[in-house]
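> any chance you can model this:
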Amino acid sequence: MATLATKMMSSLPRMSSSSVTPPKVDSSSPSTIPMRAIPGSYGLPLVGPFLDRLDYFWFQGPETFYRKRLEKYKSTVYRTNIPPTFPFFTSVNPQVIAVLDCKSFSYLFDMDIVEKKDILVGDYMPSLSFTGNIRVGVYLDTSEPKHAQLKNFSLDILKRSSSVWVSELLSNLDTMWSTVETGLAEKGSSSLLVPLQRCMFRFFTKTLAGADATSSSEIADYGFSYLDKWLAIQLIPTQKIGVLQPLEEIFLHSWSYPYILVSSGYQKLYDFIKKEGKEVIKRGQTEFGLTEEETIQNLLFILGFNAFGGFSVFLPGLISTLGSDKTGLQKKLREEVKEKLGSTQQLSFESVKEMELVQSFVYESLRYSPPVPLQFARARKDFVLSSHDASYEIKKGELLCGYQPLAMRDEKVFSEPDSFVADRFTGEKGRELLKYLYWSNGPQTGSPSASNKQCAAKDSVVLTACLFVADLFRRYDSFSASSLSITSVEKSK
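Reported below is the predicted structural model:
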């Protein structure tokens with residue numbers, strides 16, 4: 001069965017084989033840039049949001065939706081409606097101010113002027129029944145006391161798991177690639193998504209929750225699919241699925257779906273974490289002042305939404321990019337991996353930190369096809385927001401929406417912004433660009449803390465992806481991939 005992750009996959013990038021020189025970015029303050037009224041409108045009540053919804057899901061698709069309005073208003077900042085639009089649920093207000101260049105996009109992460117309460121996916125928020133009637137950390141603003149407790153808990157989990165992170169990842173990758181090779185031998189091609197999701201699920205349950213998925217055959221075999229369904233049922237109203245229209249609009253985008261549809265699988269995951277993750281749960285209670293229920297529900301959300309969900313989108317795209325490359329990138333990556341590992345061929349955090357091209361490839365993948373394309377923030381107070389060209393008055397309570405795939409293709413920051421340049425972030429000039437890479441709810445040069453909403457696993461994500469790439473070229477000299485299938489591998493000599 002196709003998963004939500006499959007539907008969210010971006011198209012393969014246009015590759016460029018050489019690094020580029022970053023353009024000079026205008027650092028003018030808001031006071032030196034001309035003020036402008038925010039262009040765009042929300043249209044007539046009900047009618048405007050509905051027509052924009054049809055454009056977003058049906059006639060244009062998300063990227064064209066944002067691009068066409070950018071071209072129409074000749075501005076990277078404008079007003080528009082975004083889905084979901086529920087005609088019978090008036091509490092959902094889809095009116096946003098889109099911010100589509102690096103400079104305006106950066107305001108989404110200034111916690112002095114914006115807040116993040118209950119806006120993970122905009123004004124729409126899935127029912128709390130999906131998380132045990134608890135507002136988990138991702139929905140909390142930094143001004144809420146519970147946010148610091150949960151963010152510090154998340155950071156502690158990652159710190160403590162670092163000692164087994166590499167060994168657990170490599171062990172699960174052994175199993176995954178063995179499954180892929182068996183499929184290749186039997187059928188001539190092998191689906192990647194299911195082996196990958198099973199691998200990531202077992203890896204994250206062990207490293208984040210201290211729970212061994214193999215302790216339960218059902219969880220080991222089907223736990224990942226329970227998470228897939230739990231994620232999909234919450235996010236379907238916000239996603240372009242690509243099924244026959246108008247059926248998609250009628251049945252998938254017209255209302256939110258109830259938790260009861262996935263309650264059985266989620267309860268099994270809950271019971272599994274409660275039983276097998278006792279040590280981590282106890283630490284959440286004794287060291288961070290959380291209740292048992294808060295600890296379990298937040299563990300499940302971190303595991304399911306942040307870790308498993310994010311990598312289920314990110315890694316298949318990374319594999320597809322590499323597997324269809326015709327520029328010689330595989331050879332360059334393989335040579336770097338072999339050189340840096342030397343005769344020991346021993347992978348570690350330290351060894352991949354020496355692989356500049358591997359890291360740059362991962363950064364460029366995050367820039368070109370960010371796993372989470374939309375970021376939101378609500379104005380905490382009145383303030384002036386600036387793009388490269390103009391300044392705009394933002395009123396308290398207005399909702400900002402950043403479409404990351406366009407913001408990260410800002411031509412005033414990134415040369416050849418619509419090309420995939422694998423070595424873009426190499427060298428001194430390349431490293432300077434990292435302060436404009438905002439895939440993690442903050443800049444790559446930032447540090448996650450209790451005072452911000454930056455992804456606690458920002459560095460772990462990059463290092464894990466680097467380990468994934470390095471392990472791939474430690475195993476294979478080359479491989480081919482089509483969509484989500486591996487079609488050939490050449491084992492390392």
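> please count neighbours and contacts with C-alpha atoms only from this point.
Will do.
> now for L44, how many residues are close by?
10 (other Cα atoms under 10 Å).
> report the secondary structure state of it.
The three-state label given to L44 by DSSP: H, G, I helix; E, B strand; the rest coil is coil.
> what's I157 in contact with, if anything?
Taking Cα atoms under 8 Å, 6 or more residues apart in numbering, we find I157 in contact with 208-209, 280.
> in ChimeraX, how would I select the buried members of those?
In ChimeraX, a selection of the buried entries from these looks like this (16 or more other Cα atoms under 10 Å):
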select :208,209,280
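> tabulate the contacts of I157 (CSV), appending distance to L347.
Below are the contacts of I157 laid out as CSV (distance: Cα to Cα, whole Å):
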residue, distance to L347
L208, 21
A209, 23
V280, 27
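> please flag which of the contacts of I157 sit within helices.
The helices, defined by DSSP state H, take in 208-209, 280 from the contacts of I157.
> you'd agree R160 is in a strand?
No - counting by three-state DSSP, R160 is not found in a strand; it is helix.
> how many other residues sit next to it?
When neighbours are counted by other Cα under 10 Å, R160 registers 13.
> now it: how far from Q285?
Separation of R160 from Q285 (Cα to Cα, to the nearest Å): 16 Å.
> on that earlier part again, just name the closest of the contacts of I157 to T426, please.
Checking the contacts of I157 against T426 by Cα to Cα gives L208 as the nearest, at 31.1 Å.
> tell me the phi and psi of L385?
Per-residue torsions, L385: phi -110, psi 140 (degrees, to the nearest 10).
> how near is it to K74?
Taking Cα to Cα, one finds L385 at 17 Å from K74.
> my read: F314 touches P373, true?
No - in this structure F314 lies outside contact range of P373 using Cα atoms under 8 Å: 11.3 Å.
> just the element for the closest residue to F288 other than its chain neighbours, please.
Computed as Cα to Cα, 6 or more residues apart in numbering, the closest residue to F288 that is not its neighbour in sequence is Q149, at 5.7 Å. According to DSSP states H and E, Q149 maps onto helix 145-187.
> circling back: hey, what's in contact with both of F314 and P373?
With contacts defined as Cα under 8 Å, 6+ apart, no residue is shared by F314 and P373.
> so between those two, which is more surrounded?
Taking other Cα under 10 Å, F314 and P373 do not tie; F314 has more neighbours (24 against 16).
> which residue packs closest to that one, ignoring adjacent ones?
Of all residues not flanking F314 in the chain, P371 sits nearest, at 5.3 Å (Cα to Cα, 6+ apart).
> number of residues surrounding the one you found?
25.
> shouldn't it be within a helix?
No - P371 is assigned coil when assessed by three-state DSSP, not a helix.
> would you list the phi and psi of it?
Dihedral angles for P371 - degrees, to the nearest 10 - are phi -60, psi -30.
> show me the contacts for it.
Neighbours of P371 in contact, by Cα under 8 Å, 6+ apart: 310-311, 313-314, 439.
> model confidence for it, exactly?
With respect to pLDDT, P371 scores 92.
> thought C466 was touching Q359?
Yes - using Cα under 8 Å, C466 makes contact with Q359 at a distance of 6.1 Å.
> sorry, back to before: turn the contacts of P371 into JSON lines, including secondary structure and distance to C455.
Listed next are the contacts of P371 as JSON lines, based on DSSP: H, G, I helix; E, B strand; the rest coil; distance: Cα to Cα, whole Å:
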{"residue": "G310", "secondary structure": "helix", "distance to C455": "11"}
{"residue": "F311", "secondary structure": "helix", "distance to C455": "14"}
{"residue": "V313", "secondary structure": "helix", "distance to C455": "16"}
{"residue": "F314", "secondary structure": "helix", "distance to C455": "15"}
{"residue": "W439", "secondary structure": "coil", "distance to C455": "9"}
